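**Student:** next come a sequence and a model predicted from it.
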Amino acid sequence: MPTPDAADAAGAPPRHVLVLGGTTEARRLAAALAPDPSLRVTTSLAGRVATPRLPVGEVRIGGFGGPEGLARWLREHAVDALIDATHPFADTISRNAARAAATAHVPLLALRRPGWVPGPDDTWHQVTSLDEAAAALPALGTRVFLTTGRMGLAHFAHLTDLWFLVRSVDPPEPPHPPRMEVLLDRGPFTLDGERALLRTHRIDALVTKDSGAAATAPKLTAAREAGVPVVIVRRPPVPKGVPEAADPAEAVTWLRRLFSDRAGAAG
Ligand code: NAP
């Protein structure tokens, strides 16, 4: 947003934008907005990861205390716009954001990268939950590459006959499957690296959420090439009535329109 609007020329305080983050898109958005002197951007992180990748600009860390706490935060910090740029599977905070924005009368946008789409050579089993993914697995393979994150491992803990390669950013805690190897790593991942993982661990099934990120998509290509079936967990819907942007540039356009409309209305 390169051009300050009329309100800034008159010496008005910057508009406060709260970005709910924890994703690459949130960091890109914060970087895109940072040079604009008419904006103050705060990114909020949940505090789940021990050493998070930090965005530029102001950062706050930790939960708000439900939708009421978030609504209070929006009012107390005079937030002019809220952008929910959390992960497509961070469902609770997205629902909280919708409720809090309505309560505090703050415009809300959901920034969601598009989901993955299967090609003709993919073998995908689409499910709606981790429990459904676990139920599908025994019929598909015995050596499973599990990339759904360390938080959901309890859903697979009863699968004692299967062996799991679990990839996560931080070490998982029990309950988890008894037969597993943990690979601590975070994207982006390369196609060659993913091919090698499937081969060396003799993987015959892959489980993933439909995160939709380019950084983690090579595993799907590697699975397709190796004929490995993929169990893919569909994402929860964006809360009803919340407008969506597919990338940070679209979110910037939304903000620019919002603030120029308001400047027009005020003038
Ligand atoms: P969640 O289940 O939707 O949220 C649980 C609680 O965590 C929320 O009620 C909220 O606590 C707090 N919270 C979540 N995101 C927050 C944020 N950006 N700022 C402040 N508080 C936040 O969330 P989750 O799935 O555990 O994800 C946590 C964070 O990790 C998100 O920021 C998300 O973008 C990121 N992440 C998630 C995934 C995933 O697969 N779920 C993957 C990569 C990154 P209060 O109710 O106390 O406010």
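**Tutor:** Received, thanks. Numbering: from 1, shown residues only.
**Student:** leaving out chain neighbours, which residue sits closest to Ser211?
**Tutor:** Pro88 (6.3 Å; Cβ to Cβ, 6 or more residues apart in numbering). To be clear about C-beta, it is placed using only N, CA and C from the backbone, and glycine gets the same treatment.
**Student:** these two touch, right, the one you found and Thr216?
**Tutor:** No - the pair Pro88 and Thr216 does not pass the contact test of Cβ atoms under 8 Å, sitting 11.9 Å apart.
**Student:** between those two, tell me which one has more neighbours.
**Tutor:** Pro88 (22 against 19; other Cβ atoms under 10 Å).
**Student:** per-residue pLDDT of the more buried one, please?
**Tutor:** In this model, Pro88 is scored at 96, pLDDT.
**Student:** distance of it from Pro114?
**Tutor:** 9 Å (Cβ to Cβ, to the nearest Å).
**Student:** same question, Thr86
**Tutor:** 16 Å.
**Student:** more neighbours, those two?
**Tutor:** Per other Cβ under 10 Å, whichever of Thr86 and Pro114 has more neighbours is Thr86, with 25 against 12.
**Student:** phi, psi for the more buried one please.
**Tutor:** phi -80, psi 170 (degrees, to the nearest 10).
**Student:** hang on, it packs against Thr24?
**Tutor:** No - between Thr86 and Thr24 there is no contact under Cβ under 8 Å: 11.7 Å.
**Student:** what about stretch 123-140, start to end distance?
**Tutor:** Terminal residues of stretch 123-140 lie 11 Å apart, using Cα to Cα, to the nearest Å.
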